[in-house]
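Novice: Fold the following for me, if possible:
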Amino acid sequence: MHHTAKYAAFSSLLFVVACGASAFGLSVAGKLFAPQASSERPVAQTAEMARATQSRPQSALLGSDPERVSAARQDWVEVVDSVNMRQGPSSANAVIKVQLAGTKLRVASRDGKWVEVVEPKTGGTGWVFDDYVKPVAPASRRAEAAETAIR
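Specialist: This next block holds a predicted model:
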């Protein structure tokens, strides 16, 4: 057999082996990472768990009581580009201050695309346009419930 024919035959054999190994690897990965039907809980079991949760004591620090958490929860935004903080929710209102990129502000309310913010250090309030801020998640539930009184 000529050297070129031997090379072509050997290359073809390696190609077939590589394709087989890839197919085997994909089938194994598909079985490992595919969602399992057995992990889904029946509706009756979910309802039972909900009733059991309602009978347990609730803690705003753990976030298990939605009413207390929403009262204690404070949304925050971070300025992504310098933005004018204004007296009201319109560009026609006077500029109070310029907030620099990276500044974190507490959200007091929203009006369309405008966000009423509070400066944490000074307590000063003003309005910024939503396109210049992004939401920031607190570090933990304890950070959200910082004002919750402990009895």
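Novice: for Gly102, what are its contacts?
Specialist: Gly102 sits next to 78-79 when contact means CB atoms under 8 Å, 6 or more residues apart in numbering. C-beta here means a position set from N, CA and C on the backbone, and glycine is covered the same way.
Novice: Just to be sure, it is in a helix?
Specialist: No: Gly102 is assigned coil when assessed by DSSP: H, G, I helix; E, B strand; the rest coil, not a helix.
Novice: do you know how far it is from Pro89?
Specialist: Gly102 is 23 Å from Pro89, where distance means CB to CB, to the nearest Å.
Novice: now Gly112
Specialist: 7 Å.
Novice: between those two, which one's more packed in?
Specialist: Neighbours were counted for Gly112 and for Pro89 using other CB atoms under 10 Å; Pro89 has more, 19 against 9.
Novice: which residues sit in contact with the more buried one?
Specialist: 111-112, 114, 116, 127.
Novice: Of these, select the buried ones using a ChimeraX command.
Specialist: Applying 16 or more other CB atoms under 10 Å to the contacts of Pro89 leaves a buried subset, and the ChimeraX line that selects it is:
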select :114,116,127
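Novice: just checking, which of the contacts of Pro89 belong to helices?
Specialist: Of the contacts of Pro89, none are assigned to helices by DSSP state H.
Novice: Now the element after the least confident helix or strand in the chain by mean pLDDT, going C-ward?
Specialist: Lowest on mean pLDDT, DSSP states H and E among the helices and strands of the chain sits helix 66-72, with a mean of 43. Once the chain leaves helix 66-72, the next helix or strand it forms, by DSSP states H and E, is strand 76-79.
Novice: helices or strands up against that next one?
Specialist: Applying 3 or more CB pairs under 8 Å, 6 or more residues apart in numbering; DSSP states H and E, we find strand 76-79 packed against strand 104-111, strand 133-136.
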